[in-house]
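# Quick one: sequence and predicted model below, then my questions.
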Amino acid sequence: MTKIAVFQMTSGIDAQANCDAIAAALAEARQGGADMLFAPEMALLLDRDRKRAGETMDDAAYPGLVEKLRSACKEHAIWATFGLPVRLDGGKLANRTLLIAPTGEIAGQYDKLHMFDVDLDSGESWRESNAYQPGEALSVTDETPAGRLGLTICYDIRFPALFDALGRAQCDMIAIPAAFTVPTGTAHWHTLVRARAIEASAFVVAAAQVGDHADGRKTYGHSLVVDPWGEVLLDIGSEKAGLGFADIDAERIAKARAQVPSLANRRAIPD
């Protein structure tokens, strides 16, 4: 049995303040008996002004902020995942999740594969790909206390093939840090998170942003932990930021895979 903590945040445009909040949550999580802490997408900086985000996370600021959290993980002997924008060569950003080990080492990283590009009937337009470079690789880490961990980010949840790949990689747990809007969260969030857990026969940990943010957006919250059978073990709700805890029992994985062996029964889909 592994105890995990999920940190629901209302991240803003002050990266240092966000960093301090994550560091404090690491201490609180460890004090509460957790071996791992999961923070949301863009936990370290949530800013829809992509130019300002790149300037905030410049080559001078980025190492210091990440180093502080690496040191906090080492100090408290805890694993952690958190999201942040990272400026790449060529000018674009990556929407990245880092996995930090209790040694303070970076044990894994993942850049969001799927970009949210859409024109809405309301006239609102989102072009993530204008500022962000999509990732090109899966991220699976074997050595966590909860077993094999796969990383995804937010909009990735809408692409079942990614979760099929992580299920075939025998992931015991999949992280889906997110910053869903209120309309899409209300309509789809719980259904999608539960579906991905069931399909992959794995625990899903979905740490979410919540509330009114300094950049003007409003996010849905409802950070979730769902077991491989689709049972919701934790729902932090939509009222405020905060820390929640859940127990990860590996026997639930074995039981779900024995009762519905969809990963073993999988066949190639004909053209």
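Good, I have the coordinates. Numbers count the residues shown, from 1 in each chain.
# Every contact and neighbour count from this point should use C-alpha atoms.
Noted.
# List the buried residues for stretch 69-76?
69-74, 76 (16 or more other C-alpha atoms under 10 Å).
# Could you measure from the closest residue in space to residue 210 that isn't next to it in sequence over to residue 122?
Closest residue to residue 210 apart from its sequence neighbours, by C-alpha to C-alpha, 6 or more residues apart in numbering: residue 221 at 4.0 Å. Distance, residue 221 to residue 122, by C-alpha to C-alpha, to the nearest Å: 23 Å.
# With neighbour numbers in mind, choose between those two.
residue 221 (31 against 6; other C-alpha atoms under 10 Å).
# Let me know whether the more buried one touches residue 6 as I believe.
No: applying C-alpha atoms under 8 Å, one finds residue 221 not in contact with residue 6, separated by 11.7 Å.
# Any idea how far the one helix or strand residue 252 maps to is from the middle of the chain?
Assigned by DSSP states H and E, residue 252 falls within helix 250-259. For helix 250-259, the distance from its own C-alpha centre to the chain's C-alpha centre is 23 Å (C-alpha atoms, centre = their mean, to the nearest Å).
# heads up, I number from 346, so please use that
Got it, the first residue is 346 from now on, which makes the last one we talked about helix 595-604.
# re the thing from before, who touches the residue nearest to residue 555 in this structure?
353, 524-525, 553-556, 581-585 (C-alpha atoms under 8 Å, 6 or more residues apart in numbering).
# count of residues packed around residue 483?
By the criterion of other C-alpha under 10 Å, residue 483 has 17 neighbours.
# tell me which element it falls in.
Applying DSSP H and E, one finds residue 483 in no helix or strand.
# Likewise for the one 4 residues further on?
With elements taken from DSSP H and E, the one containing residue 487 is strand 485-489.
# With residue 463 instead?
strand 462-464.
# Strand partners (parallel or antiparallel) of that strand?
strand 470-472 (antiparallel) (DSSP bridges).
# quick check: mean pLDDT across the strand it pairs with?
Strand 470-472 comes out with an average pLDDT of 83.
# Tell me the gap between it and the middle of its chain.
22 Å.
# got it, and stretch 546-566?
9 Å.
# With stretch 580-593 instead?
Chain-centre distance of stretch 580-593: 14 Å, with C-alpha atoms, centre = their mean.
# in that stretch, what's buried?
Within stretch 580-593, judged by 16+ other C-alpha under 10 Å, the buried ones are 580-583, 585-586, 588-593.
# quick one on the thing from earlier: list the contacts of the strand holding residue 487.
424, 452-453, 493-496, 511, 514, 516.
# just the helices in the stretch 496-616 of the chain please.
Secondary structure of the stretch 496-616 of the chain (DSSP state H, counting those that start in this stretch): helices at 505-513, 527-529, 535-545, 595-604, 607-610.
# residues contacting the most centrally placed residue in the chain?
Nearest to the geometric centre of the chain sits residue 522, at 2.0 Å (C-alpha atoms, centre = their mean). Residue 522 sits next to 383-386, 427-428, 497-499, 550-553 when contact means C-alpha under 8 Å, 6+ apart.
# any idea how far residue 464 is from it?
Residue 522 is 24 Å from residue 464, by C-alpha to C-alpha.
# What does the pLDDT read for residue 598?
96.
# Equivalent analysis for residue 406, please.
At residue 406, pLDDT is 72.
# picking that back up, need phi/psi at the residue nearest to the centre of the chain.
phi -60, psi 140 (degrees, to the nearest 10).
# Just the closest of the buried residues of stretch 414-421 to residue 560, please.
residue 414 (23.5 Å; C-alpha to C-alpha).
# Surely that closest one is in contact with residue 370?
No: the pair residue 414 / residue 370 is not scored as a contact, 10.6 Å apart, by C-alpha under 8 Å.
# helices or strands up against the helix or strand harbouring residue 363?
Assigned by DSSP H and E, residue 363 belongs to helix 360-376. Judged by 3 or more C-alpha pairs under 8 Å, 6 or more residues apart in numbering; DSSP states H and E, helix 360-376 is in contact with strand 347-353, strand 381-383, helix 406-421.
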